[in-house]
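J.: Need a 3D model of the following:
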Amino acid sequence: MNKHQDSDVLNDDKTRHSLLAPGMLIPFLMITALFPLWGFANDVTNPLVKAFKDIFLISNAQSSMVQFAFYLGYGIMAIPAAIFIRNYSYKAGILLGLALYAAGAMLFIPASLYMEFNFFLAALCILTCGLALLETTANPYILSMGHPSTATKRLNLAQAFNPIGSLTGMFVASTLILNKLQVEEFRAAEKLAHPEYNDLLPSVVDGKLTQAIQEFSVNEPIKHQAMQAADLVTVRGPYIAIATIVTVLFFVFLFYKLPKTMSNNKPLTLAELKVTFMRLIKNKLYIEGVVAQAFYVGAQIMCWTFIIHYGMTVVGLTSSQAQNYNIIAMSVFLVSRFICTFLLSYIKPGHLLMLLATCGGGLILGTIFLTGFYGLYCLIGVSACMSLMFPTIYGIALKDMGDDASLASAGLVMAIVGGALMPPLQASLIDDNPLIASIPSVQTSFLMPLICFVVIAIFGYRSHYVHKS
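T.: Sure thing, here's the model as predicted:
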């Protein structure tokens, strides 16, 4: 059989196989309905870093522990989730993931009543253990719902619904949390009472407003405590709502019989697990992919979390206004994803990844060295470069994995822990003196995402030119 005939067979094969196997439409719709859940949780939580800083009067480094707790759940649960699913079933993984998600969200109620910051961190960590289970389950389950030749198309279709959850989370954070916080009303009243602040740099004004809240907490402790309590009730509202929705989904999945696409007759033994891990550790492309994924997630979380700090201290926006620019960044991210997917038809994934990471690094330099809205626009532009990075690194790292793909996938989900480790480092840079004397520390702190984009560009270069992926 010559190449032309091979090509015809391949095309006929793709044409013959539909997107879904018979009887898989309803299961596909049900699993796809889960994808917005982690997008919502991610993006309703990002603004809490700044909100908790003002509510609890803590440093940027302390408030960034919100992201540490959130992404720590992925690091803890990814590999146990893969083993759990292999030994039981996709349905069991979904049910346990939904239960942990709902439990973590509901724990916002006692956390707000006790007014303890650490309780919120524990609740978020439990919530993301559920997310790790859901992500580790949903992706391979979707892939298994039809012929392998249509698997990538099926997964791309399902993942297209994830940003809907992200945009919903951002909208809820802006309108139902940040716009309703009494501490924000206090900051606005202080600015009105001091018209001379209009002549000061936004970073200086932000410091004076924080100092005013601290003085208020000392001089009027009862009123300040009442303000804290009201704001924490505001924060918990969306989490109670999502817990209710997730609980309903739990019972829907509990009583619906999902088709089995994976045999559990042969549970994963410790010996098999060890052999698989050894194979993965020796796979240089995979290991480099896990490292690149950790740096990518770190860059994404830092850019989307500290855009609010940047907008407030460099441009002089309110937190709600700054969050609106975060929504614009997500919209740019969505549009760019379709454009970059089209470009993948003409440019190899590793090469395109290297180009996007280089552009992202260039825009970060603009975020550091330009001032006002020009710097903010550069920071928004970074989202266009990030849009294709997660799935592209995922695809390159898992290339030709075969049966090792499920555990290898857990390693890539675990790499999301980069989102836990790097934001506190950037927050420490914000709290410290500026790295360059004439530039505010909020701007120079973006050295951290710059380092991430350098690492991703190196991975793109090596995957394209060295590993020939």
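
J.: show me what contacts residue 404?
T.: Residues counted as contacts of residue 404 (CB atoms under 8 Å, 6 or more residues apart in numbering) are 276, 279-280. (Glycine included, C-beta is placed from N, CA and C.)

J.: go with 10 Å
T.: 275-277, 279-280, 283, 286, 398, 411 (CB atoms under 10 Å, 6 or more residues apart in numbering).

J.: same check, this time on residue 20
T.: Contacts of residue 20 by CB under 10 Å, 6+ apart are 26-29, 142, 145-147, 150, 154, 157.

J.: Neighbour-wise, give me the winner out of the residues you listed.
T.: residue 142 (26 neighbours; other CB atoms under 10 Å).

J.: In the protein, what helix or strand scores lowest on average pLDDT?
T.: Averaged element by element with mean pLDDT, DSSP states H and E, the chain has its least confident helix or strand at helix 3-16 (a mean of 46).

J.: circling back: is it possible to get the contacts of residue 404 out as TSV so that each row also shows pLDDT and distance to residue 59?
T.: Listed next are those as TSV, based on pLDDT from 0 to 100; distance: CB to CB, whole Å:
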residue	pLDDT	distance to residue 59
275	82	46
276	80	42
277	82	39
279	86	44
280	86	39
283	89	41
286	90	38
398	75	39
411	81	33
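
J.: Just flag the most distant two among those.
T.: Across the contacts of residue 404, the longest distance by CB to CB is 18.2 Å; it joins 275 and 398.

J.: Let me know how buried the residue nearest to residue 442 when sequence neighbours are not counted is, in neighbour terms.
T.: Leaving aside its sequence neighbours, residue 442 sits nearest to residue 313 (CB to CB, 6 or more residues apart in numbering; 4.9 Å). Residue 313 is flanked by 23 other residues according to other CB under 10 Å.

J.: List the contacts of residue 313.
T.: By CB under 10 Å, 6+ apart, the neighbours of residue 313 are 201-207, 306, 322, 430, 440-443.

J.: what do you get if the cut-off is 6 Å, keeping everything else the same?
T.: Under the criterion of CB atoms under 6 Å, 6 or more residues apart in numbering, the neighbours of residue 313 are 202-203, 206, 442.

J.: domain assignment for the protein?
T.: For the chain, the domain assignment from the TED database gives the residue ranges 24-257, 267-468.

J.: list the buried ones in the lengthiest helix in the chain?
T.: Counting residues, the longest helix found in the chain (DSSP state H) is helix 221-255. Across helix 221-255, burial judged by 16 or more other CB atoms under 10 Å covers 224, 227-228, 231-232, 234-236, 238-239, 242-243, 246-247, 249-250, 253.

J.: Tell me how far the host helix or strand of residue 73 lies from the chain's centre.
T.: Following DSSP states H and E, one finds residue 73 within helix 65-87. Relative to its chain's centre, helix 65-87 lies at 14 Å (CA atoms, centre = their mean, to the nearest Å).

J.: C-terminal to that helix, which secondary structure element comes first?
T.: Trace forward from helix 65-87 with DSSP H and E and the next one is helix 90-106.

J.: Could you check the angle that following helix makes with helix 65-87?
T.: When axes from the mean of the first three to the mean of the last three CA atoms, to 10 degrees is applied, the directions of helix 90-106 and helix 65-87 differ by 160 degrees.

J.: other SSEs contacting helix 90-106?
T.: helix 117-143, helix 221-255 (3 or more CB pairs under 6 Å, 6 or more residues apart in numbering; DSSP states H and E).

J.: distance of the residue sitting nearest the centre point of the chain from residue 128?
T.: Central residue of the chain (CA atoms, centre = their mean): residue 42, 5.2 Å from the mean position. The gap separating residue 42 from residue 128 is 9 Å, by CB to CB, to the nearest Å.

J.: so what sits against both of the two?
T.: By CB under 6 Å, 6+ apart, no residue touches both residue 42 and residue 128.

J.: Go through the contacts of residue 313 and name the one nearest residue 77.
T.: So of the contacts of residue 313, ranked by how close each gets to residue 77 (CB to CB), first place is residue 442, at 32.6 Å.

J.: Tell me if I'm right that that closest one and residue 309 touch.
T.: Yes: contact criterion CB atoms under 6 Å: residue 442 and residue 309 qualify, at 5.4 Å.

J.: how close does the residue lying closest to residue 347 once chain neighbours are set aside get to residue 70?
T.: Closest residue in space to residue 347, ignoring its immediate chain neighbours: residue 355 at 7.6 Å, by CB to CB, 6+ apart. For residue 355, the distance to residue 70 (CB to CB) stands at 30 Å.

J.: more neighbours, the two?
T.: For residue 355 versus residue 70, neighbours defined as other CB under 10 Å are more numerous around residue 70 (27 against 15).

J.: Next, find the distance separating that one from residue 442.
T.: For residue 70, the distance to residue 442 (CB to CB) stands at 21 Å.

J.: that older thread, show me how far the next helix or strand after the least confident helix or strand of the chain is from its chain's centre.
T.: Counting by DSSP H and E, the element after helix 3-16 in chain order, helix or strand, is helix 25-32. Centre-to-centre, helix 25-32 and its host chain are 23 Å apart (CA atoms, centre = their mean).

J.: Could you name the helices and strands sitting against the helix or strand just after helix 25-32?
T.: Downstream of helix 25-32, the first helix or strand assigned by DSSP H and E is helix 35-45. The helices and strands touching helix 35-45, judged by 3+ CB pairs under 6 Å, 6+ apart, are helix 162-172.

J.: Can you give me the buried ones in the helix it packs on?
T.: For helix 162-172, the neighbour count (16+ other CB under 10 Å) marks 162-163, 165-172 as buried.

J.: which residues touch residue 111?
T.: Shown in contact with residue 111 (CB under 6 Å, 6+ apart): 119-120, 123.

J.: Which strands and helices lie in contact with the helix or strand harbouring residue 392?
T.: According to DSSP H and E, residue 392 maps onto helix 389-397. With contacts taken as 3+ CB pairs under 6 Å, 6+ apart, helix 389-397 sits against helix 284-305, helix 349-369.

J.: List the buried residues of the very next helix or strand once past the last one.
T.: By that I understand helix 349-369. As assigned by DSSP H and E, the chain's next helix or strand after helix 349-369 is helix 372-386. Buried positions in helix 372-386, judged by neighbour count with 16+ other CB under 10 Å: 375-376, 378-386.

J.: What's the mean pLDDT across helix 372-386?
T.: Across helix 372-386, pLDDT averages out at 94.

J.: Give me the distance from it to the chain's centre.
T.: Distance, centroid of helix 372-386 to centroid of chain: 18 Å (CA atoms, centre = their mean).

J.: and what of stretch 332-351?
T.: From the chain centre to the centre of stretch 332-351 is a distance of 19 Å (CA atoms, centre = their mean).

J.: contacts for that stretch?
T.: Contacts for stretch 332-351 (CB under 6 Å, 6+ apart): 163, 383-384, 387-388, 392, 396, 460, 463-464, 469.

J.: Check stretch 53-69 too.
T.: 48-49, 52, 117, 121, 124-125, 183, 214, 228, 231, 301, 420, 423-424, 427-428, 430-431.
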